[in-house]
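Novice: Any chance you could fold what I've pasted below:
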Amino acid sequence: QVQLVESGGGLVQPGGSLRLSCAASGFRLDHYAIGWFRQAPGKMREGVSCISSSDGSTYYADSVKGRFTISRDNAKNTVVYLQMDSLKPEDTAVYYCLTLLRCSGNYMGPHFGSWGQGTQVTVSS
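Specialist: Model (predicted):
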């Protein structure tokens, strides 16, 4: 079973940046489409971004477009990153990564696998 571990969260001031990592152990992530999700207190989990396994296509939710960048570590093939810039208080949430059935430029497909612990991102002054 594919198991992913998220890291890189923390406390940052509005306008700041963080880079989250999604790491796999024992298998290659380039074989999978990977998505980042987040869940804020009292809200439903939402899809934030994804990257395809085939052509590197990426998708971003409107709320993060232009501020977040998803990428793969092509040297390691076991890590996917989410670079988060110009952070806002509304970005505060627990962030998770998970495998997807599909990702394209305008579509974030269904997820599969088990949710990990996530990593907390808090944007506050």
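
Novice: In three-state terms, label the residue positioned nearest the centre of the chain for me.
Specialist: Centroid-nearest residue in the chain: W36, 2.6 Å away (criterion: Cα atoms, centre = their mean). Secondary structure state of W36, per DSSP: H, G, I helix; E, B strand; the rest coil, is strand.

Novice: isn't it right up against C50?
Specialist: Yes: between W36 and C50 there is a contact under Cβ atoms under 8 Å: 7.0 Å. Yep, even glycine has a C-beta here, placed from its N, CA and C like the rest.

Novice: Now the common contact residues for those two.
Specialist: Shared contacts of W36 and C50, defined by Cβ atoms under 8 Å, 6 or more residues apart in numbering, are found at I70.

Novice: Would you agree E90 falls within a helix?
Specialist: Yes: remark: E90 belongs to a helix, assigned using three-state DSSP.

Novice: how close does it get to H111?
Specialist: 23 Å (Cβ to Cβ, to the nearest Å).

Novice: and if you look at I70?
Specialist: For I70 relative to H111 (Cβ to Cβ), the value is 15 Å.

Novice: Of these two, which one has the most company?
Specialist: Of the pair I70 and H111, I70 is the one with more neighbours under other Cβ atoms under 10 Å, namely 25 against 19.

Novice: start to end distance for stretch 44-61?
Specialist: Terminal residues of stretch 44-61 lie 15 Å apart, using Cα to Cα, to the nearest Å.

Novice: Stretch 96-104 too?
Specialist: 19 Å.

Novice: mean confidence score for that stretch?
Specialist: If you average the pLDDT over stretch 96-104, you get 95.

Novice: Just give the number of residues close to the spatially closest residue to H31 that is not a sequence neighbour.
Specialist: Of all residues not flanking H31 in the chain, S53 sits nearest, at 6.0 Å (Cβ to Cβ, 6 or more residues apart in numbering). Using other Cβ under 10 Å, S53 has 18 other residues around it.

Novice: Equivalent analysis for the one 10 residues further on, please.
Specialist: Around S63 there are 13 other residues, counting by other Cβ under 10 Å.

Novice: likewise L101?
Specialist: 12.

Novice: ok, now G116?
Specialist: By other Cβ under 10 Å, the residues close to G116 number 16.
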